[in-house]
Structures are given as structure tokens and as C-alpha cells.
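[1] build the 3D model from these lines:
(one chain, ligands or ions: 2)
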Amino acid sequence: MSKKASIGVTGLAVMGRNLARNLARHGHTVALHNRSEQRTRDLVEQFGDEGDFIPTYSAQEFVDALERPRQIVIMVKAGAPTDAVIDEFAPLLEEGDVIVDAGNAHFADTRRREAALRKQGLHFVGTGVSGGEEGALHGPSIMPGGSKQSYESLGPLFEDISAKVDGVPCCTHIGPDGAGHFVKMVHNGIEYADMQLIAESFDLLRGALGHEPAQIADVFRTWNTGRLDSYLIEITAEVLAHTDAATGKPFVDVVADQAEQKGTGRWTVQIGLDLGVPISGIAEAVFARSLSGSAGLRAASRGLPGPSRTPLTGAAAETFADDVERALYASKIVAYAQGFNQIQAGGAEYGWDIDLGAVARIWRGGCIIRAKFLDDVTAAYTAEPGLPTLLTSGDFRKAVEEAQDSWRSVVATATRLGIPTPGFSTALAYYDALRAERLPAALVQGQRDFFGAHTYRRVDREGSFHTEWATEERAEHSA
Ligand SMILES: NC(=O)C1=CN([C@@H]2O[C@H](COP(=O)(O)OP(=O)(O)OC[C@H]3O[C@@H](n4cnc5c(N)ncnc54)[C@H](OP(=O)(O)O)[C@@H]3O)[C@@H](O)[C@H]2O)C=CC1
Ligand SMILES: O=C(CO)[C@H](O)[C@H](O)COP(=O)(O)O
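    Numbers count the residues shown, from 1 in each chain. Ligands and ions are numbered 1, 2, ... in the order given. Next comes the predicted model:
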């Protein structure tokens, strides 16, 4: 009898191909399949010597090449293509077989698919994978959902190919059904917020100090040796130091300033709204990308009045880069605090019991937001799993305390010079709103009651109340 594969990968574009190679490099026999045959042939031709691959050219051949219970990883475009692939393979599978969707699926789709396939006796495991092309090959961060039972067989395999930090795999069972894809979605939302804050830091250093991109690259390199040490800061320095070969200009100056998005950040914000979790850092990052892409609106508005970017001088200029570093770190804490609160809220809504410390731990390596900072986030949620917000935890509280003057002065300088900093500003506003003794929400409640008899609660008595605003007496009743 010919050798069978312990796992199969269908969808061999950049991510699937490298995930399959990673599995093979770790000694697993991998069955290969792709809708168009050429990708399968290319993989075997170029990388066939890296391990044991079984190339297949039909769904039936693919399924037949797998050991039972079969484990199939789907790595295709999210949405309809994923449904098409499931519809093709599910009828060929048997009870106990496992389908892993490792694409960037919406968690609600994952819940629907998991419920449908469970009826058929199949395990459907929605799995977040982060790390891009290189991560998929050398060790991504892996966020599997699905049943506990499916993790018994898949877990060791995924942990084996995941990134390791201090010998600890960047993979853990997140929770049932859509939990893995939910956490991956929030990971991407945080990725958006982090990238936006870094981009604003660049704009501030350029606008307020008049630095060239190559000089700013050096600032980021320095930051990357401290508490901001992270993959995103590291690649930012690389991008800023890069010179365009065709023009000799800084690369960043020849790229169209219109940021695109595939949708996971937008989903994070949509779900944040549904759950009622204020994830303003992620929302501003998504809106900043949308605004950057609104070419017509921007063209029509370019001549509007406002200050010009006159570089700072003297002592203010000397301390500005350090101020931005402190403001960036404080704003980053806010962005992560909001993202983790969204995971907490999602877990409560869908009954997932997600271990936030474990989530932070598997994001320390492999993924796009990997960072030294996540060691401290892991420690904070491990010590106190129900932590209401990262901002109140030990070292983070101390960091925002120490950042106060810098954070406020950076936002004030940005406002004065007309440098848009939606990420920094919203982070500070969120922070101030959290720590406020009283919020103007009381007035909003009064307005709502005035125009719509929507009622309000009082600080001194239980119950709901309504004031007869249309009468002269303005009598108050229990509602
Ligand atoms: N690129 C990245 O950095 C990351 C991507 N992801 C996610 O991983 C998944 C794969 O991403 P990536 O490798 O970039 O590839 P793409 O998202 O570009 O998807 C290409 C793959 O999907 C297949 N496909 C498309 N439509 C269908 C269909 N109707 N039926 C069957 N197969 C179909 C293609 O087959 P064919 O060759 O025949 O066209 C090809 O194998 C996506 O869900 C993506 O969001 C996750 C993390 C990072
Ligand atoms: O999943 C990822 C990393 O974890 C992708 O890199 C992410 O989808 C990129 O998103 P966008 O194109 O919207 O910036």
C-alpha cells in the first residue's frame, strides 16, 4: 500500500504553499492540492526535495492520499471560495475527519460552517494564522478554534510548526467554533492600530522636526532596541531607509499615499460596534485608511485653511523624538487594551472562555504584531485573568503615568502644526474618558429624555426616570 499523508493542504498560493513546506520540513508527509494544477506542480518542482509531499490533482485523489482520521487544511481566499472548497471536500469525508480553515475567515462564517459540518460528524476548525509568507514557512502564530477533540490531534502538529519564543510554541487552542478566527480578526485590528500609530510617529517626526525618512529610520532603529522592540517597528525602519532605484528618492515618497485594506480591520470595528466595545484606536486606523483612499474628497479639500508645518526649534525640538516615543508607547498600550477588551467581550458573548494570557503569549512570536511588549501583556493577564483594562496593570500604569506630559504635548504640537494624529488623539481621549470622575454622558441622557422620553437613571436613587420637559413644572416620574 502506498504511503499516506498525515495532513493535506489545499490552496497553494503564498500562504498555503509555505505552510505545506513548513509541515514537510518538520517531517510530516503532506498531501497537496490546488484548484489550478500548476501551483501543485510548481511546489513539487521547486521545493519537492524539502520533505515528503504527495501531489494530487483531484479532490478524490487528495482525500484518498490522507491517513484517517483525515486532516485537511484549506488555505484559500476567504468567503465564497472557502465555501466552494468545503462543498467540494465535505461529501468525500467521513465521521471524525477534520477540516481546518486557515484563511482569514469571518468568525460568523466559521460558526455557521462548524455547526453545519458537526451535523455530518466532521470537525471544522477555524484557525487564525499570522506571519505572512515568511511566517507561514518559518513559524507563524497559530490560533485554532474548533472542538477540544480536534486539538488533540491537530495541536501537536500545529505547535510543532509554529514560531517558538523561549521554547514555547506560538499556538494554543483558543476556544470552540469561531473563537480562533475571532481572535485572529482582533489581532488584525490591533495590527491596523499599531501600524497607524507608527505611521503617525513618522509623520510627526518629519513634520515637526523636518527629518528625512533615512534619519527617521535611525530613530525607529533606536526605538527597536528598547521597549518598542517589535516586528512592525523593525520593518518600518527598513521601509524608511529604502531608496527608490528609479528616482533616487526615499521609497516612502514615491508610494501613493492611499492605504488599502482587505477587510479584517473593518470587521473588527463592525463587531466592536455590535458588542458595544470602544475600540476607538482600531476604528480610527480603519477610517484613516479610508480617508487616505478618498482621493476626490482629499483633492477638493487640499486648499482648506490651517497651519503650516513649521518645524520646532530649540528645547522643544531636542526632546520631541523622546516625547513621541513615550506617546507612541502609551497609545500602543491603549490600542492593545481595547483589543483585549474586545476579545473578553466576544468570549463572554459567545461563551468561549478565552484565556487572554495565552492569547498574548502566542502573539509574542510568528505574527505581524509580535513584540517584546507582549511578554508584559502575557504576564499581566496571567496574573489577573479578569483584568478590566491593561492600563491599570503594574508596569503599564507606570508607563502611561510617565508618558503624561509627552503624550499631551505631542498631541498639542500635532494640533498646532496641523499634523493629523487620529491614533494618538483618540488614545489620549479614551484614556482621559476612562479616568474621568464624571462624563458628559449625563447631559446626553438628559437630551435623549427631552426629545424622546428615553428615560434616565439617577446617581442617588434606583430606577428609571422621565421628566415632563414639555410642561412648565417639569415634574419627574418613575418610568
Ligand atoms: N497573504 C498573507 O499574508 C496572509 C493571508 N492569509 C489568508 O490566507 C488565505 C490564503 O492567502 P494567500 O495565500 O495570500 O492567497 P489568496 O488569498 O490570494 O488566495 C489564492 C488561493 O485561493 C484559491 N482559490 C480562490 N478562489 C477559489 C475557489 N473558488 N475555489 C478553490 N480555490 C480558490 C486559489 O486557487 P487558484 O490557484 O486555482 O486560483 C489560490 O490557491 C486567505 O484567506 C488570506 O486572507 C492569512 C494570513 C496572512
Ligand atoms: O492577516 C494578515 C496578517 O496577520 C494580513 O497581513 C492582513 O490581512 C493584511 O491586511 P490588510 O491587507 O487589510 O492590511
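[2] outline the domain layout of this protein.
    With domains defined by the TED database, the chain comprises 7-173, 184-435, 440-478.
[3] turn these into a markdown table, including distance to ligand 1, mean neighbour count and mean pLDDT.
    C-betas here are computed from N, CA, C, even on glycine. Listed next are the domains of the chain as a markdown table, based on distance: least, C-beta to the nearest ligand atom, whole Å; neighbours: other C-beta atoms under 10 Å; pLDDT from 0 to 100:
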| stretch | distance to ligand 1 | mean neighbour count | mean pLDDT |
| --- | --- | --- | --- |
| domain 7-173 | 3 | 20 | 97 |
| domain 184-435 | 6 | 19 | 98 |
| domain 440-478 | 38 | 11 | 98 |
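[4] mind putting the ones you listed into a markdown table with distance to ligand 2?
    Shown next, in a markdown table, are the domains of the chain (distance: least, C-beta to the nearest ligand atom, whole Å):
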| stretch | distance to ligand 2 |
| --- | --- |
| domain 7-173 | 3 |
| domain 184-435 | 4 |
| domain 440-478 | 33 |
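[5] any idea which element Gly281 lies in?
    Following DSSP states H and E, one finds Gly281 within helix 280-293.
[6] with just CA atoms, put that helix into CSV.
    Only the C-alpha atoms of helix 280-293 are listed here, as CSV (Å, rounded to 0.1, in the frame of the first residue of the first chain):
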residue,chain,number,x,y,z
SER,A,280,-11.5,53.7,19.0
GLY,A,281,-7.8,53.1,18.1
ILE,A,282,-8.7,50.3,15.7
ALA,A,283,-11.7,52.3,14.3
GLU,A,284,-9.5,55.4,13.7
ALA,A,285,-6.9,53.3,11.9
VAL,A,286,-9.6,51.9,9.6
PHE,A,287,-11.0,55.3,9.0
ALA,A,288,-7.5,56.8,8.4
ARG,A,289,-7.0,54.2,5.6
SER,A,290,-10.5,55.0,4.2
LEU,A,291,-9.7,58.8,4.3
SER,A,292,-6.3,58.3,2.6
GLY,A,293,-8.1,56.4,-0.2
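[7] show me what the very next helix or strand once past that helix is packed against.
    Once helix 280-293 ends, the next helix or strand along the chain (criterion: DSSP H and E) is helix 295-301. With contacts taken as 3 or more C-beta pairs under 8 Å, 6 or more residues apart in numbering; DSSP states H and E, helix 295-301 sits against helix 280-293.
[8] for the helix it packs on, give me every contacting residue.
    Helix 280-293 has contacts (C-beta atoms under 8 Å, 6 or more residues apart in numbering) with 189-190, 192-193, 195-197, 257-261, 265-266, 268-269, 272, 297-298, 331, 334-335, 338-339, 420, 422-423, 426-427, 429-430.
[9] and the angle for the lengthiest helix in the chain with helix 280-293?
    Ranked by number of residues, the top helix in the chain under DSSP state H is helix 314-350. Interaxial angle of helix 314-350 relative to helix 280-293 (axes from the mean of the first three to the mean of the last three C-alpha atoms, to 10 degrees): 110 degrees.
[10] what about helix 314-350, distance to the chain center?
    Remark: helix 314-350 is offset 14 Å from the chain centroid, using C-alpha atoms, centre = their mean, to the nearest Å.
[11] what is that helix packed up against?
    helix 179-209, helix 213-223, helix 264-275, helix 280-293, helix 356-362, helix 373-383, helix 394-417, helix 422-435.
[12] the same query, at a cut-off of 6 Å, please.
    helix 179-209, helix 280-293, helix 394-417, helix 422-435 (3 or more C-beta pairs under 6 Å, 6 or more residues apart in numbering; DSSP states H and E).
[13] could you export those as TSV, including distance to Asp322?
    Formatted as TSV, the helices and strands packed on helix 314-350 follow (distance: least, C-beta to C-beta, whole Å):
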stretch	distance to Asp322
helix 179-209	11
helix 280-293	22
helix 394-417	7
helix 422-435	15
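[14] nearest to Glu472, out of those helices?
    Ranking the helices and strands packed on helix 314-350 by proximity to Glu472 (C-beta to C-beta) places helix 422-435 first, at 35.8 Å.
[15] in CSV, list the C-alpha atoms belonging to whichever helix or strand comes after that closest one.
    Tracing the chain past helix 422-435, the next element assigned as helix or strand by DSSP H and E is helix 441-452. What follows is helix 441-452, C-alpha atoms only, in CSV (Å, rounded to 0.1, in the frame of the first residue of the first chain):
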residue,chain,number,x,y,z
ALA,A,441,-22.9,61.3,29.1
ALA,A,442,-25.2,62.6,31.8
LEU,A,443,-26.1,65.5,29.5
VAL,A,444,-26.7,63.2,26.6
GLN,A,445,-29.1,61.2,28.8
GLY,A,446,-30.9,64.5,29.6
GLN,A,447,-31.1,65.3,25.8
ARG,A,448,-32.5,61.9,25.0
ASP,A,449,-35.1,62.1,27.7
PHE,A,450,-36.1,65.6,26.5
PHE,A,451,-36.7,64.8,22.8
GLY,A,452,-37.7,61.1,23.0
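[16] paired strands for the first helix or strand past helix 441-452 going along the chain, with orientation please.
    Tracing the chain past helix 441-452, the next element assigned as helix or strand by DSSP H and E is strand 456-457. Using DSSP bridges, strand 456-457 pairs in its sheet with strand 464-467 (antiparallel).
[17] roughly how far is the strand it pairs with from the heart of the chain?
    Distance of strand 464-467 from its chain centroid, counting by C-alpha atoms, centre = their mean, is 42 Å.
[18] what sits up against that strand?
    With C-beta atoms under 6 Å, 6 or more residues apart in numbering as the test, strand 464-467 has contacts from Asp449, Ala453, Thr455, Tyr456, Arg457, Arg474, Glu476, His477, Ala479.
[19] and these, which two are furthest apart?
    Using C-beta to C-beta, the two most remote members of the contacts of strand 464-467 are Arg457 and Arg474, lying 17.8 Å apart.
[20] how about whichever strand or helix holds Ala31 as PDB, C-alpha atoms only?
    Here Ala31, judged by DSSP H and E, is contained in strand 30-33. What follows is strand 30-33 as a C-alpha-only set of coordinates in PDB (Å, rounded to 0.1, in the frame of the first residue of the first chain):
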ATOM      1  CA  VAL A  30       1.800  16.400   3.200                       C
ATOM      2  CA  ALA A  31      -0.800  15.800   0.500                       C
ATOM      3  CA  LEU A  32      -1.000  18.800  -1.900                       C
ATOM      4  CA  HIS A  33      -4.000  20.100  -3.800                       C
END
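[21] and the following helix or strand past that strand, what does it pack against?
    Remark: after strand 30-33, the chain's next helix or strand is helix 37-47, criterion DSSP H and E. Packing contacts for helix 37-47, counted by 3+ C-beta pairs under 6 Å, 6+ apart, involve strand 53-55.
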